[in-house]
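[1] could you look at this predicted model? Sequence included:
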Amino acid sequence: MRHATLRTFKALSLALSLALACTAPSHAADPEPPMQAARVTPNTYYVQGLSQLGSPKNQNFISNAGFVVTPTGVVVVDALGSPRLAERLSGAIRQITPLPITHVIVTHYHADHIYGLQHFKDQGAQIVAHRSALAYIQSDTAKLRLEASRTDLAPWIDDKTRIVDADLWIDGPTSFKVGGVVFEVDHVGPSHTPEDLIVYVPSERVLFAGDLFFNGRLPFVGMADSSQWIRSLERVLAFDTAAVVPGHGAVSSEPRKDIGLTRDYLKHLRSTMARAVEDFVPFEEAYATTDWSAFASTPMFNFANRMNAYNTYLLLEQEALGKGR
């Protein structure tokens, strides 16, 4: 039977997740990758990860994190990809303010965004995430990824590195204040992950989009619900924003233009792979005959595109089966 099983679908996505950790040898003596907090709006900052695969040399610094300084404390969004990176992020915050870090909001539980959580937890910060992440935390996928990272990202990920649960699991739209500053947190998954959150700070007109938005590079699609992901990007564009902080890449002051790349790419994946599924065209033939020229020069294309297309093909097969085709 031509239709791939869900088990194969998950196995392929796990293989890509493990590949993201990279297998380079340890470089404990290498200089630390630069990290500098850049101001986005008067009280909002972010650090930008490298457009690379995670490796010992870069300490798994491949994603962004942001923070907002309020009159009484600091709220961090995402925790970076290793405890050492989280320590360095804390140091960058200390250069700006001595106020305590009160909360860390997790946009989603992918390794490059969460392996720094234990540092903030140990410092007394409250961790906030969506309840859908519990399924991942308790999964074999999470365990296998951490085991692989302890080898592939050593010494930055080791036997002391752990996956940290949230202190506050939210189920839907949530709003809270720190120092009088309002943080609006909303669930937009299942998109990139089931637990995707966005964080909007009205007083700063800043929105943290997590991995809904990869600025200037191709996204990692994995097992994403790409149809919901496209709708979620439209929701992001409806906010009144001076800036949108992506999960990867530079902050955007022109989100309609910049988010368009991610949205258009997802639409292209769905439309081309949907035609192939509908016409019973095997994946290899579909991939070879698809015009990828609009995205071929985008960073990470050579690494991510084929697997993105294959996972989308399998997803659309599952959708077709669900409709009783």
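    Cool, the structure landed.

[2] quick check on the closest residue to Arg131 other than its chain neighbours: phi, psi?
    Using Cβ to Cβ, 6 or more residues apart in numbering and skipping residues adjacent in sequence, the residue nearest Arg131 is Trp169, 4.2 Å away. Backbone N, C-alpha and C define where each C-beta goes, glycine included. Phi and psi for Trp169, reported as degrees, to the nearest 10, are phi -90, psi 120.

[3] so who does Gln59 touch?
    Glu32, Pro33, Gly81, Ser82, Arg84, Leu85, Leu153, Trp156 (Cβ atoms under 8 Å, 6 or more residues apart in numbering).

[4] out of the residues you listed, which is most surrounded?
    For the contacts of Gln59, the largest neighbour count, defined by other Cβ atoms under 10 Å, is 30 neighbours, found at Gly81.

[5] can I assume that residue sits in a strand?
    No: using DSSP: H, G, I helix; E, B strand; the rest coil, the secondary structure at Gly81 is coil, not a strand.

[6] for it, which non-adjacent residue is closest in space?
    Per Cβ to Cβ, 6+ apart, closest to Gly81 is Asn60, 3.2 Å.

[7] beta partners for the residue nearest to Arg131?
    Ala129 (DSSP bridges).

[8] count the neighbours of it for me.
    15.

[9] re earlier: which element is the residue nearest to Gly81 on?
    If you go by DSSP states H and E, Asn60 is not part of any helix or strand.

[10] OK, contacts around it?
    21, 54, 80-82, 85, 111-112, 115, 149, 153, 156-157 are the contacts of Asn60 under Cβ under 8 Å, 6+ apart.

[11] may I see the buried residues of the longest helix seen in the chain?
    Longest among the helix segments of the chain by residue count, using DSSP state H, is helix 255-278. If you call a residue buried by 16 or more other Cβ atoms under 10 Å, then helix 255-278 has these buried ones: 255, 258-259, 261-263, 265-266, 268-270, 272-274, 276-277.

[12] go on, stretch 236-247?
    Val236, Phe239, Thr241, Ala243, Val244, Val245, Pro246, Gly247.

[13] and the nearest residue to Gln48 once chain neighbours are set aside, backbone torsions?
    Nearest residue to Gln48 in three dimensions, chain neighbours excluded: Asn64, at 5.5 Å (Cβ to Cβ, 6+ apart). Asn64 adopts backbone torsions of phi -90, psi 160, taken as degrees, to the nearest 10.

[14] next: Arg306.
    Per degrees, to the nearest 10, the backbone of Arg306 is at phi -60, psi -50.

[15] start at 296, not 1
    In the new numbering, first residue 296, that becomes Arg601.

[16] surely it is in contact with Tyr582?
    Yes: with contact defined as Cβ atoms under 8 Å, Arg601 counts as touching Tyr582 (6.6 Å).

[17] and those two? which has more neighbours close in?
    The neighbour comparison of Arg601 against Tyr582 (other Cβ under 10 Å) goes to Tyr582, with 18 against 13.

[18] ok but the more buried one is inside a helix, no?
    Yes: applying three-state DSSP, one finds Tyr582 inside a helix.

[19] tell me the contacts of it?
    With Cβ under 8 Å, 6+ apart, Tyr582 has these contacts: Arg601, Ala604, Tyr605.

[20] closest to Met595 out of those residues?
    Lowest distance from Met595 to the contacts of Tyr582 (Cβ to Cβ) belongs to Arg601, with 11.6 Å.

[21] give me the pLDDT for the closest one.
    pLDDT for Arg601: 96.

[22] wait, what's in contact with it?
    Tyr582.

[23] what does the one 10 residues further on give?
    Taking Cβ under 8 Å, 6+ apart as the definition of contact, the neighbours of Leu611 are Arg565, Met568, Ala569, Val572.

[24] what's the pLDDT at the third one?
    Reported pLDDT at Ala569 in the predicted model: 96.

[25] between the contacts of Leu611, which is closest to Thr336?
    Looking across those and measuring by Cβ to Cβ, the closest to Thr336 is Arg565, at 34.0 Å.

[26] related to what we said a few turns ago, chain center to the longest helix of the chain: distance?
    Centre-to-centre, helix 550-573 and its host chain are 18 Å apart (Cα atoms, centre = their mean, to the nearest Å).

[27] grab the CA positions of it and hand them over as CSV.
    The C-alpha trace of helix 550-573 is given here as CSV (Å, rounded to 0.1, in the frame of the first residue of the first chain):
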residue,chain,number,x,y,z
PRO,A,550,6.2,41.7,9.3
ARG,A,551,3.7,41.6,6.4
LYS,A,552,6.7,41.4,4.0
ASP,A,553,8.9,39.2,6.1
ILE,A,554,6.3,36.7,7.3
GLY,A,555,5.1,36.4,3.7
LEU,A,556,8.2,34.2,3.0
THR,A,557,7.2,31.6,5.6
ARG,A,558,3.5,31.8,4.6
ASP,A,559,4.2,31.6,0.9
TYR,A,560,6.6,28.7,1.3
LEU,A,561,4.0,26.7,3.4
LYS,A,562,1.4,27.4,0.8
HIS,A,563,3.7,26.2,-2.0
LEU,A,564,4.5,23.0,-0.1
ARG,A,565,0.8,22.3,0.4
SER,A,566,-0.4,23.1,-3.1
THR,A,567,2.3,21.2,-4.9
MET,A,568,2.2,18.1,-2.7
ALA,A,569,-1.6,18.2,-2.7
ARG,A,570,-1.7,17.9,-6.5
ALA,A,571,0.7,15.0,-6.3
VAL,A,572,-1.3,13.2,-3.7
GLU,A,573,-4.5,13.8,-5.6
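
[28] fine by me, we can end here.
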